[in-house]
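Student: How does the following fold in three dimensions:
(2 chains)
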Amino acid sequence: MNAIYIMWLRAVKRYVRSKPRIIAALGQPLLFLLALGFGFGPIFQRAGQGNYIQFLAPGVIAMTILFTAIFSGIELIWDRQFGFLKETLVAPVPRIYVMIGRTLGGATVAMIQGLIVVVICLIAGFRVTNYSLLPVAVLVMILVAIMFTALGTAVASVLSDFQGFQLIMNFLVMPIFFLSGALFPLTNLPKLLDIIARIDPLSYGVDGLRVALIGVARFGVTVDLAVLSIIAAALLIAGSYLFSRIQL
Amino acid sequence: MIQVRNLIKKYGDFEAVKDISFDVEEGEIFAFLGPNGAGKTTTIKILTTLLKPTSGSVMLDGLDPTVAHNEARKRFGIVFQDPSTDDELTAYENMDFHGVLYHVPRKVRVERIESLLKLFELWDRRDDPVKQFSGGMKRRLEIARGLLHTPKIVFLDEPTIGLDPQTRNQLWTHVKKLNQEERVTVFLTTHYMEEAERVAQRIAIIDHGKIVAQGSAAELKERTGAESLEQAFLALTGTTIRSEEATSIDQMRNMARAFRGNPNRGKR
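Tutor: Just a heads-up that it's a prediction; the model follows:
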């Protein structure tokens, strides 16, 4: 248990100390919110879909958590490069604890970033329709954070350096984001896109956030939470397995 | 305490360790010497559960580290050849982190961290992030950390690289003391022959993945008719310089160094 705690503490300390990282990570959601939010706002309105900022904000919050979580997981490659990974791999604690501690730490960092973006959205004019559903929103955020940190760790466990990183970004992370309905409604999509959006786990995160924050549902909150929980658990198991097999 | 039998490790076609066998007795200081790329670190990685052998068997205190990972990990401590501290954390935090992972009780942890950081003259800088440390200071921290818990076996993989004579002296005095007072078995590698001669009771020389000689320093000198261990070493392993391929990790480190514009970063 102590091992999980100390791994978690390390991740959080590293985050709190790297102020440039915190600021840099907030640039992207801000850009999406301002450029897309205000840029597409009038068109969205004319298409009869209502206020685009209201629609976009949950997507931008989910995006922030997705990126921060994946990067936190992938930080494992840095630890491998700079040697710190060795220190944790020879320690007399089960590797699954090390992996869980890392994942919870990364997920916590992603949560904090997500919450900061919530505040930014509120400043930009986003309005939560029903504050009593806020705990549901937080639960969705936690699940999304854990799910993608575990995914990042799983991926980083099989990569020995950053050579494959662009591949992961372009063929995994970007599609997960763009095809999740974070930017556009998942209604009346072409068949292929519809199928992909249903497979994309972030779709359920975005949907869960929309249900909780603005009361708009596509899959429904029960389905969202069930899918997110199952996939988060599956990725944690897969990540632990791959992490425990790392050789240096 | 350590038993290695017919150990083989292959990376693809390349055989890094070719069928080696040796024993290290309990309470012994054992030096594993060899030129660069001879297979020393690979052997240590297998003994410390970081790598799986291709074939052969290894035993640590009667346990197979390839199966009983966790039990085996409780038996040893290691000072790595490469950096393994977290640069963003302070020296004290790195020590404390290690103590928690190795189940050192809080009270003992606090005492030992203080005495070790003082011994290696890092106490005044304990609250500075490690990224501000020089290469030598980082090395000292690695060593202090490796000695924080008292294991049955200590692996020291070229611990004295980049250290000044004062620190080397501190290190070996401390290691000898641990060995004598707490019967800690020590398995070390080094390129400094006089160090091996000074501290090790027994020496094995490995070259191209094979053990070419074993015995005390005196025995090795007698066998080769050499005056010093260094001459004996050269007689046994030849005088050609070994080329080592840079691994992708080394390449990555170089790139990261170039990015940060700090030539000292990650320096060994």
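Student: Which residues are in contact with the residue nearest the centre of chain A?
Tutor: What sits nearest the mean C-alpha location of chain A, by Cα atoms, centre = their mean, is residue A:66, with 2.1 Å. Neighbouring residues of residue A:66 by Cβ atoms under 8 Å, 6 or more residues apart in numbering or on different chains: A:144, A:148, A:173, A:176-177, A:202, A:205. Placement of C-beta: from N, CA and C, glycine included.
Student: as a whole number, average confidence for the strand or helix carrying it?
Tutor: If you go by DSSP states H and E, residue A:66 is part of helix A:52-82. Across helix A:52-82, pLDDT averages out at 93.
Student: same thing with stretch B:167-180?
Tutor: Per-residue scores along stretch B:167-180 average to 91.
Student: now do stretch B:190-210
Tutor: The model assigns stretch B:190-210 a mean pLDDT of 92.
Student: quick one: buried residues of it?
Tutor: B:190, B:192-193, B:195-200, B:202-209 (16 or more other Cβ atoms under 10 Å in any protein chain shown).
Student: Please apply the same query to stretch B:65-83.
Tutor: B:65-66, B:69, B:72-83.
Student: Among these, which are located in helices?
Tutor: B:69, B:72-75 (DSSP state H).
Student: Please give me every residue in contact with residue B:31.
Tutor: So residue B:31 contacts B:188-190, B:196, B:199-200, B:202-204 (Cβ under 8 Å, 6+ apart).
Student: Residue B:151 in helix, strand or coil?
Tutor: coil (DSSP: H, G, I helix; E, B strand; the rest coil).
Student: Same check on the one 4 residues further on?
Tutor: Classification of residue B:155 using three-state DSSP returns strand.
Student: For it, which non-adjacent residue is spatially closest?
Tutor: Closest residue to residue B:155 apart from its sequence neighbours, by Cβ to Cβ, 6 or more residues apart in numbering or on different chains: residue B:78 at 4.2 Å.
Student: ok, the one you found to residue A:110 distance?
Tutor: The gap separating residue B:78 from residue A:110 is 33 Å, by Cβ to Cβ, to the nearest Å.
Student: Ok, residue A:171 next?
Tutor: According to Cβ to Cβ, residue A:171 and residue A:110 sit 21 Å apart.
Student: Give me the more crowded residue out of the two.
Tutor: residue A:110 (30 against 10; other Cβ atoms under 10 Å in any protein chain shown).
Student: Can you pull the residues of chain A lying near chain B?
Tutor: Neighbours of chain B within chain A, by Cβ under 8 Å from any Cβ of the partner chain: A:2-3, A:5-6, A:10, A:13-14, A:17-18, A:80-95, A:160-163, A:247-248.
Student: other SSEs contacting the host helix or strand of residue B:178?
Tutor: Here residue B:178, judged by DSSP H and E, is contained in helix B:165-182. Packing partners of helix B:165-182 (3 or more Cβ pairs under 8 Å, 6 or more residues apart in numbering or on different chains; DSSP states H and E): strand B:29-33, helix B:135-146, strand B:153-157, strand B:185-189, helix B:193-199.
Student: Show me where chain A has its helices.
Tutor: Using DSSP H, helices in chain A cover A:2-17, A:19-31, A:39-46, A:52-82, A:84-89, A:95-123, A:134-158, A:165-168, A:174-178, A:191-199, A:201-214, A:221-244.
Student: Please identify the most buried of these.
Tutor: Ranked by mean neighbour count under mean count of other Cβ atoms under 10 Å in any protein chain shown, the helices of chain A are led by helix A:201-214, which reaches a mean of 26.
Student: Determine the set of other helices and strands touching that helix.
Tutor: helix A:52-82, helix A:134-158, helix A:174-178, helix A:221-244.
Student: Adding distance to residue B:150, write the ones you listed out as CSV.
Tutor: Shown next, in CSV, are these (distance: least, Cβ to Cβ, whole Å):
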stretch, distance to residue B:150
helix A:52-82, 26
helix A:134-158, 32
helix A:174-178, 48
helix A:221-244, 27
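Student: between those helices, which gets nearest to residue B:218?
Tutor: Nearest to residue B:218 among the helices and strands packed on helix A:201-214 is helix A:52-82; the distance by Cβ to Cβ comes to 41.3 Å.
Student: what stretches of the chain score poorly on pLDDT?
Tutor: Since no chain was named, I'll use chain A. Within chain A, no range satisfies pLDDT under 70.
Student: Wait, chain B was what I had in mind.
Tutor: In chain B, residues with pLDDT under 70: B:243-268.
Student: show me what contacts the residue nearest to the spatial centre of it?
Tutor: Ranked by distance to the mean C-alpha position of chain B (Cα atoms, centre = their mean), the top residue is residue B:157 at 1.7 Å. Going by Cβ under 8 Å, 6+ apart, residue B:157 touches B:40-41, B:44, B:78-81, B:188-189.
Student: Thanks again, I'm all set now.
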